[in-house]
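Visitor: Pasting the sequence and the predicted model now:
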Amino acid sequence: DQQVKQNSPSLSVQEGRISILNCDYTNSMFDYFLWYKKYPAEGPTFLISISSIKDKNEDGRFTVFLNKSAKHLSLHIVPSQPGDSAVYFCAASELGEYGNKLVFGAGTILRVKS
Amino acid sequence: NAGVTQTPKFQVLKTGQSMTLQCAQDMNHEYMSWYRQDPGMGLRLIHYSVGAGITDQGEVPNGYNVSRSTTEDFPLRLLSAAPSQTSVYFCASSRQGRLAGRETQYFGPGTRLLVL
């Protein structure tokens, strides 16, 4: 049973428009969330994170929103650029004994068309 | 800094063969981990280590062994390869062991393994 779910396998967006990638989780003990970006034939790279004490975190064109009651987070990319085309993974960790383990979603392929 | 390096980049094995996937980092990180990436499954944690001499199991440890004799190296051993172990393997590291889930993890470029 997947604890972190990315229900959209792929997303296609026009350059300059907003990309919204979604992630749902089931484990209420998760309190820290991260997004990683992956290009083909490379390892994932860290993009942005958010703690459960916040509902929004922004870094340039990237914003992550967290809705704890819905166990849902989203990554907004504005404006989208062709170089953003990649696989995006949502990941979560929990406080305490299991705090050093990350649980990843299946990923969403983002294609930004120019 | 080279960051996290992995060798080999690609390997073909026959069922029952053994091999070791190498991972090294030059950032003096406490935490190192191995993931496998399969279509539709994302990245799943195999084993991890919070420091030299300390290892623990992740989500999918069966069929894999690890050891951590130095801070820099964290090899992953397949004792008897099976077709179900065909996957892309990523090694990652982060600065602190206990807080690894809250820190940036730095990933290597991956090893693509095909077991026939």
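Guide: Alright, I've got the coordinates. Numbering: from 1, shown residues only, chains lettered A, B, ... in the order given.
Visitor: which parts of chain B sit against chain A?
Guide: B:4, B:31, B:35, B:40-45, B:48, B:50, B:58-59, B:90, B:92, B:97-102, B:104-110 (CB under 8 Å from any CB of the partner chain). For glycine as for every other residue, the C-beta is placed from the backbone atoms N, C-alpha and C.
Visitor: Show only the entries of the residues you listed found in strands.
Guide: When DSSP state E defines the strands, the subset of the residues of chain B next to chain A inside them is B:4, B:31, B:35, B:42-45, B:48, B:50, B:90, B:92, B:106-107.
Visitor: and the spatially most central residue of chain B, what is it in contact with?
Guide: In chain B, the centroid-proximal residue (CA atoms, centre = their mean) is residue B:34; its distance is 2.6 Å. Residue B:34 sits next to B:21, B:23, B:45-48, B:58, B:64, B:66, B:74, B:76, B:89-92 when contact means CB atoms under 8 Å, 6 or more residues apart in numbering or on different chains.
Visitor: Which pLDDT value goes with the closest residue to it other than its chain neighbours?
Guide: Among residues not flanking residue B:34 along the chain, residue B:46 sits closest, at 4.3 Å (CB to CB, 6 or more residues apart in numbering or on different chains). If you check residue B:46, the pLDDT there is 96.
Visitor: wait, isn't residue B:46 in contact with residue B:56?
Guide: No - assessed by CB atoms under 8 Å, residue B:46 is found out of contact with residue B:56, at 10.8 Å.
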